[in-house]
Each structure stands twice: as C-alpha cells, then as structure tokens.
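Asker: next input, structure requested:
(2 chains)
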Amino acid sequence: GAVVSQHPSWVICKSGTSVKIECRSLDFQATTMFWYRQFPKQSLMLMATSNEGSKATYEQGVEKDKFLINHASLTLSTLTVTSAHPEDSSFYICSAREAKNYGYTFGSGTRLTVV
Amino acid sequence: QKEVEQDPGPLSVPEGAIVSLNCTYSNSAFQYFMWYRQYSRKGPELLMYTYSSGNKEDGRFTAQVDKSSKYISLFIRDSQPSDSATYLCAMIKAAGNKLTFGGGTRVLVKP
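Answerer: Numbering: from 1, shown residues only, chains lettered A, B, ... in the order given. Below is the predicted model of the structure:
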C-alpha cells in the first residue's frame, strides 16, 4: 500500500530558529500533499495544500510567511517553520493521496517543541 | 455547527466486545468516506474507505454509509486492547481534495 514517510519524528529547537520537516511519498507520486497541525486531544487542522511545481494554498488564518511549503518534486514536500516561537509547538502531519479511488495516507507526524 | 459531528467519548468496552462508532454530517456533497485510527503521537492510519451507501467489510472492521441519513458507522468486532486509540471519520466532496474530519472518538478496550 501507499507509504508516506515524514522526518524528523520529533525536534526541539530554540526560539527564533527555523525548522524543516520533510514529507515523502515512498511508492507513489503525489502531485498534491497536505500539511496538518494537531493540538493535544483535538482533531487535525488543515494548514495548507502543497502543489508540485507551484505555490501552496494556505487555509485562512495560516501565516504563509511563517510556514513555508515547498513541493519541488512528485515525491517530496517540505514544511519550514520560520522564526519559531513556543506557540508553534505542536504535532505536524503530512498526507498524500495515491489515486482518486484510495483514501489519504498520512505520515507518522513530527512533534515540534520550541523552547 | 460543524460539518462533521463525532462523539469524543471516551468509549470504554471490555475485550472481545463490538465497538460501534459513528459520525453525522450536514453537507450532502460529501461522497467519499474514510475511517482512520490514530494512536497517541502517531499519524492517522487508514482503516476503511467507502464511496457509496452500503456496507464494506475488511477483517474485523465493517463500515456503513447511509447517505440518505447523512450517517456513517464503523464497527470493530472482537475488540482487542491494541484497538485502544482515537478513531477519526473523514470525508471528501466529489470534486474536492480536502478531507473534512470529525473530532475523533477515543476508544478504550479493557482486558
């Protein structure tokens, strides 16, 4: 089945620094990937839709200059949290869809802690 | 009102019992329906994917979709402690590509 690999699984960084999270589709090509944020005991909140070769589409209220998304190839999308602050600490998850007749596959998530 | 409603639980059942989960939705444009299982600090894992109304079975899991009532269900037979997790329903509109999630139901299967 479809596999989405996300790296790193956890990261601790200092306030003001930037952190990059990678999302790879291992056995299929994904023209579109999605980035979510999840707070404890809450459901997933879509942050942005990552489109291969073009700009990402951000959901309302998500700062595009803070959460930089790059989808340079059909198998890789990256999310960079710039000038991170403690309130950016959260669980970030990516997903992709192999084909229309299949559900979305999620990465294992990245736990970001900003100190 | 949320587009997709799901009871947050927790739902506690003894090992071997049937777990019954459900979601209701308000938008008839939703055409594809999914159930995910999420363990703590992990990404969601796809359990079931259905398109039309009716039943779909896969091992211990059965998904039901009733579009006329805007109601979907997931049943887990012979539940195991390892089934303890949060279960999320999700759905997509026919022409769309964004998932809309329910809030998730936390399930505890006690040995």
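Asker: what sits against A:Leu26?
Answerer: By C-beta atoms under 8 Å, 6 or more residues apart in numbering or on different chains, A:Leu26 lies in contact with A:3-5, A:75. Using the backbone N, CA and C atoms, a C-beta is placed for each residue, glycine as well.
Asker: if we go to 10 Å?
Answerer: Neighbouring residues of A:Leu26 by C-beta atoms under 10 Å, 6 or more residues apart in numbering or on different chains: A:2-5, A:75, A:105.
Asker: near chain B, which residues of chain A?
Answerer: Chain A has residues A:1-2, A:4, A:6, A:9-10, A:31-32, A:34, A:36, A:38, A:40-46, A:49, A:57, A:59, A:91-95, A:97, A:100-111 near chain B, with proximity defined as C-beta under 10 Å from any C-beta of the partner chain.
Asker: among the residues you listed, which are in strands?
Answerer: Counting by DSSP state E, the part of the residues of chain A next to chain B found in strands is A:4, A:6, A:10, A:32, A:34, A:36, A:38, A:44-46, A:49, A:57, A:91-95, A:97, A:104-106, A:110-111.
Asker: in which helix or strand does B:Ser52 reside?
Answerer: Assigned by DSSP states H and E, B:Ser52 belongs to no helix or strand.
Asker: thought it was touching B:Ala63?
Answerer: No: counting by C-beta atoms under 10 Å, B:Ser52 does not reach B:Ala63; the two are 11.3 Å apart.
Asker: tell me how far the residue lying closest to A:Ser54 once chain neighbours are set aside lies from A:Glu22.
Answerer: Leaving aside its sequence neighbours, A:Ser54 sits nearest to A:His71 (C-beta to C-beta, 6 or more residues apart in numbering or on different chains; 7.7 Å). From A:His71 across to A:Glu22, the span is 11 Å (C-beta to C-beta, to the nearest Å).
Asker: look at the two and report which has more neighbours.
Answerer: A:His71 (22 against 16; other C-beta atoms under 10 Å in any protein chain shown).
Asker: before we move on, the earlier item: tell me the secondary structure for the residue nearest to A:Ser54?
Answerer: What DSSP: H, G, I helix; E, B strand; the rest coil gives for A:His71 is strand.
Asker: what distance do you get for it to B:Met48?
Answerer: Using C-beta to C-beta, A:His71 is found at 28 Å from B:Met48.
Asker: ok so, going back, buried subset of the residues of chain A next to chain B?
Answerer: For the residues of chain A next to chain B, a burial check counting by 16 or more other C-beta atoms under 10 Å in any protein chain shown picks out A:2, A:4, A:6, A:32, A:34, A:36, A:38, A:43-46, A:49, A:91-95, A:97, A:103-110.
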